[in-house]
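Engineer: After the sequence you'll find the predicted model.
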Amino acid sequence: MKRVFYLTALVSVLCFASCKKENKNTSVDYAFGVEVSSDYVSAQHLLFTLSNTYFKAIYDSNLLASGTATIDGAMVKYFPDSTYQLQIFYPEWGQDDGYGNWRQGEIYAKADSGFFKQQFPVEISFVNFNLTKDTINADSYSYSYMGDENGMDKFNLRVVNGSRNYEDTSGVISFNADLSVNIVKNDTLSGSSQPELLLFSGTMDGICRNGDSFSTESTIDFISDLNCNWMKDGAVTINFNKVEYTGTIYFSDTSICENWYNLVIDNIDFPSKIQKPKWLK
C-alpha cells in the first residue's frame with residue numbers, strides 16, 4: 001500500500017510539474033508588444049505632424065508670392081534666392097501649433113531646385129527644435145517629389161537616424177523611415193490646387209526607449225486631412241524583435257478626430273492614445 005501511495009504521489013508531482021512547464025511555455029507577453037507599439041506610434045505621429053506643416057507651406061500660393069505666412073503657429077518665410085528657401089520659426093519659449101502640440105525652435109528647408117523638381121530632394125534641418133518639449137533631430141531628413149499620378153502629386157519622405165529625445169528623461173526613440181506621401185488636391189480651394197488629404201504609406205524601423213526594436217509596413221494608407229492632429233484610417237503591420245507574434249495597428253475612422261489607435265495581436269484589441277501624458281510611471 002505504501003508503494004502504491006508513493007507511486008501515485010510521484011506521478012501527481014510529475015504531472016503537475018509538466019503542466020506548469022507547459023503553461024509557462026505557452027504564455028504570451030503581450031505587454032511587450034503594447035509598449036513597443038506605443039513608441040512606434042509616437043515616432044510616426046512626429047513625421048505626420050511635420051509633414052502637415054511642410055506640405056501646407058509648399059502649396060501656399062500666398063506664401064510663395066509674398067514671402068511670409070503664419071502656418072501651424074509658426075512664422076514661415078520663403079526666400080527663393082537664399083541658402084534655405086523655406087524657413088519655419090517658433091519662438092524660444094514655444095508656441096501651440098493649433099492642434100495642441102507645443103513647438104519650439106527652427107526648421108530649415110534647402111530646396112535649390114524648388115520643391116517640385118524630380119531627383120532633387122529637399123533637405124530638412126532642425127535647429128533647437130522641440131515638439132511637445134521633446135528634442136527632434138535627424139542625420140538626414142528629406143522630401144523628394146516623385147511626379148504626378150492620377151492627378152495626385154507623389155512625394156517620398158526619407159529619414160535616416162531620426163530621433164525623439166523625451167523631455168521627461170524616459171529615453172530616446174531612434175528610427176529610420178521610407179514613406180510615400182500622396183497629395184489629394186482640391187482645385188476649388190482658394191482658386192488653385194491645394195492639398196486636401198495626405199495619404200501615407202511605407203516602412204519604418206527603430207529602437208524604442210527601452211532598447212527593443214521594431215519594424216513596420218503599412219498595408220493600407222493612413223490619412224491626414226490637414227485639420228486633425230491625429231492619423232486616421234489605414235493599417236500598419238508591426239514586427240517585434242523579442243517575440244514571435246506580430247501586431248496590426250489601426251487608426252481612427254475618417255469621420256472623427258480622436259487621439260486613438262488600436263493594436264491587434266492574436267485577435268485581441270489593445271486600444272491606446274497616440275499622444276500620452278508624460279511623467280507617469
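Structural biologist: Alright, I've got the coordinates. Numbers count the residues shown, from 1 in each chain.
Engineer: Check which helix or strand the nearest residue to residue 164 once chain neighbours are set aside maps to.
Structural biologist: Counting by CB to CB, 6 or more residues apart in numbering, residue 173 is the residue found nearest to residue 164 once chain neighbours are left out, at 4.7 Å. All C-beta spots, glycine's among them, are computed from the backbone N, C-alpha and C. Per DSSP states H and E, residue 173 falls inside strand 172-186.
Engineer: Now do the residue nearest to residue 164 against residue 205, distance only.
Structural biologist: Going from residue 173 to residue 205 by CB to CB, to the nearest Å gives 11 Å.
Engineer: So which of the two has more stuff around it?
Structural biologist: Legend: neighbour count by other CB atoms under 10 Å for residue 173 and residue 205, higher for residue 173 (22 against 16).
Engineer: How confident was the prediction at the more buried one?
Structural biologist: Per-residue confidence (pLDDT) for residue 173: 98.
Engineer: re the thing from before, tell me the contacts of the residue nearest to residue 164?
Structural biologist: By CB atoms under 8 Å, 6 or more residues apart in numbering, residue 173 lies in contact with 39, 42, 43, 163, 164, 166, 206, 207, 208, 209.
Engineer: What residues sit buried inside the helix ranked longest in the chain?
Structural biologist: If you go by DSSP state H, the chain has its longest helix at helix 30-58. Buried residues in helix 30-58, defined by neighbour count with 16 or more other CB atoms under 10 Å: 30, 32-33, 36-58.
Engineer: just to revisit the earlier point, quick one: which of the contacts of residue 173 sit in strands?
Structural biologist: 163, 164, 206, 207 (DSSP state E).
Engineer: Residue 132 versus the third one, what's the distance?
Structural biologist: Distance check for residue 206 against residue 132: by CB to CB, it reads 18 Å.
Engineer: So those two - more neighbours on which side?
Structural biologist: Legend: neighbour count by other CB under 10 Å for residue 206 and residue 132, higher for residue 206 (24 against 21).
Engineer: pLDDT at the more buried one, what is it?
Structural biologist: 98.
Engineer: State the distance from it to residue 61.
Structural biologist: Distance from residue 206 to residue 61, by CB to CB: 36 Å.
Engineer: Next up, the contacts around the spatially most central residue of the chain.
Structural biologist: Centroid-nearest residue in the chain: residue 44, 0.4 Å away (criterion: CA atoms, centre = their mean). By CB under 8 Å, 6+ apart, the contact set of residue 44 is 204, 216, 231, 236.
Engineer: ok, now with 10 Å
Structural biologist: With contact set as CB atoms under 10 Å, 6 or more residues apart in numbering, residue 44 has these partners: 175, 177, 179, 200, 204, 206, 216, 218, 222, 231, 236, 249, 251, 261, 274.
Engineer: Could you do residue 144 as well?
Structural biologist: Counting by CB under 10 Å, 6+ apart, residue 144 has contacts 117, 118, 119, 120, 121, 122, 154, 155, 156, 157, 158.
Engineer: rerun that using 6 Å as the cut-off
Structural biologist: 121, 156 (CB atoms under 6 Å, 6 or more residues apart in numbering).
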